[in-house]
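Asker: I'll drop the sequence and a predicted model, then ask my questions.
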Amino acid sequence: MTVTMPPAQDAARAREATGRLLAALSPPSEERSAPTAQAAPADLGNPAATGGARSTGGRGGPGRTGAGERDRAARPWWAGPPGAEPVERRPSLLPGWTVGHVLTHLARNADALVNLVNGRPMYAGETRRDDDIERGAGRPLAALLEDVRTASARLDAAFGELTEADWRRTVELRGGLTDRLSGLPFRRWAEVELHRVDLGLGYHVDDLPRDFVDRQLTALAQRFAGHPGIAAAIELRPGSGGAGTGSEGALIRTGAPGGEVVAVSGSPAALLGWLTGRGGTRSLRVRGSLPALPPL
């Protein structure tokens, strides 16, 4: 069953997901790393965020932490040892893209959705889109995160100005797809969640929020239903195991409208990983081979 949420609520979830991403990638401030600072809330999508990387003064008490320990405490869990390649230059899980490319894309995607809200095309052109991402990818991490933060704030402001009539407007997305403006907040939420996985910095499909996994499974099943690039009729069978198991027992049909049905079973998170090309296939159960899927 399709679950539809008010666009304002989806916009809030996208904003929350962006905040979690930025918090996970931002080095702790000097105040937070001080022995007397209150601990920051743990990032639920980052199990290592609750570990003991930050110094609390140790047996020596406040003010007696060694320089090496202070340096480790000031480094986020994914930063690696001193002298490691800057995180923004590391390869992401997307071919040919670094972490900097993914973060720049997230910022420019927010601007593209603002364009749609304002009645303009998403991008001035495919070449322009790619050039903007390439130009921005080499910036320092702080500049990349600030770009994501400010672009997301612009999108939030644009969403906040829409009326009930505005939300019903139809717009054209990249690749010729169309949607109502009311669908854009969920699309933004999906961009943030899935591309955080693509960063390759410890956030996986199993870490995705359960309600997001369930809705995105339904959305992709609708998108792939009758797709000319899928030869088989597919029946998704979400089952127990792993995160995102809120759709237990709910069969979802997609792919070709007729012919022999290929049943694919697994946790909702694993099924979503397969549908989006983000792993999870080894835990799926299927008789024969998994059907080939078109790129998103």
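Answerer: Nice, I can see it.

Asker: and residue 112, how many neighbours does it have?
Answerer: Neighbour count of residue 112, defined by other C-beta atoms under 10 Å: 23. (Each C-beta comes from the backbone N, C-alpha and C, glycine too.)

Asker: Please shift the residue numbers so they start at 682 in all later answers.
Answerer: Understood, numbering begins at 682; the last thing we discussed is residue 793.

Asker: In contact with it, which residues?
Answerer: If you count contacts by C-beta atoms under 8 Å, 6 or more residues apart in numbering, residue 793 has them with 803-804, 810, 855.

Asker: helix/strand/coil for it?
Answerer: helix (DSSP: H, G, I helix; E, B strand; the rest coil).

Asker: In stretch 962-969, which of the residues would be classed as buried?
Answerer: 964-965, 967 (16 or more other C-beta atoms under 10 Å).

Asker: how far does it sit from the chain's center?
Answerer: 24 Å (C-alpha atoms, centre = their mean, to the nearest Å).

Asker: Could you tell me the end-to-end distance of that stretch?
Answerer: End-to-end distance of stretch 962-969 (C-alpha to C-alpha, to the nearest Å): 13 Å.

Asker: if we can go back for a sec, quick check, nearest of the contacts of residue 793 to residue 892?
Answerer: Relative to residue 892, the closest of the contacts of residue 793 is residue 855; by C-beta to C-beta it sits at 25.5 Å.

Asker: Quick check: phi and psi at that closest one.
Answerer: The phi/psi pair for residue 855 (degrees, to the nearest 10) reads phi -60, psi 140.

Asker: and it, what pLDDT?
Answerer: Reported pLDDT at residue 855 in the predicted model: 91.

Asker: my guess is it contacts residue 804, does it?
Answerer: Yes: Residue 855 is within contact range of residue 804, at 6.8 Å (criterion: C-beta atoms under 8 Å).

Asker: residues shared between the contacts of these two?
Answerer: Shared contacts of residue 855 and residue 804 (C-beta under 8 Å, 6+ apart): 793, 810.

Asker: Those two - which one has more neighbours?
Answerer: residue 804 (17 against 12).

Asker: so where does the closest residue in space to that one that isn't next to it in sequence fall, helix or strand?
Answerer: Leaving aside its sequence neighbours, residue 804 sits nearest to residue 810 (C-beta to C-beta, 6 or more residues apart in numbering; 4.2 Å). Here residue 810 sits within helix 807-817, counting by DSSP states H and E.

Asker: Test my guess that the residue nearest to residue 804 contacts residue 785.
Answerer: No: the criterion here is C-beta under 8 Å, and residue 810 misses it with residue 785 at 10.7 Å.

Asker: Looking at those two, which has the bigger crowd around it?
Answerer: In this view residue 810 and residue 785 are compared by other C-beta under 10 Å, and residue 785 has more residues nearby, 26 against 17.

Asker: phi, psi of that one?
Answerer: The phi/psi pair for residue 785 (degrees, to the nearest 10) is phi -60, psi -40.

Asker: tell me which of the contacts of residue 793 is nearest to residue 778?
Answerer: residue 810 (13.3 Å).

Asker: Would you check how far apart that closest one and residue 864 are?
Answerer: 20 Å (C-beta to C-beta, to the nearest Å).
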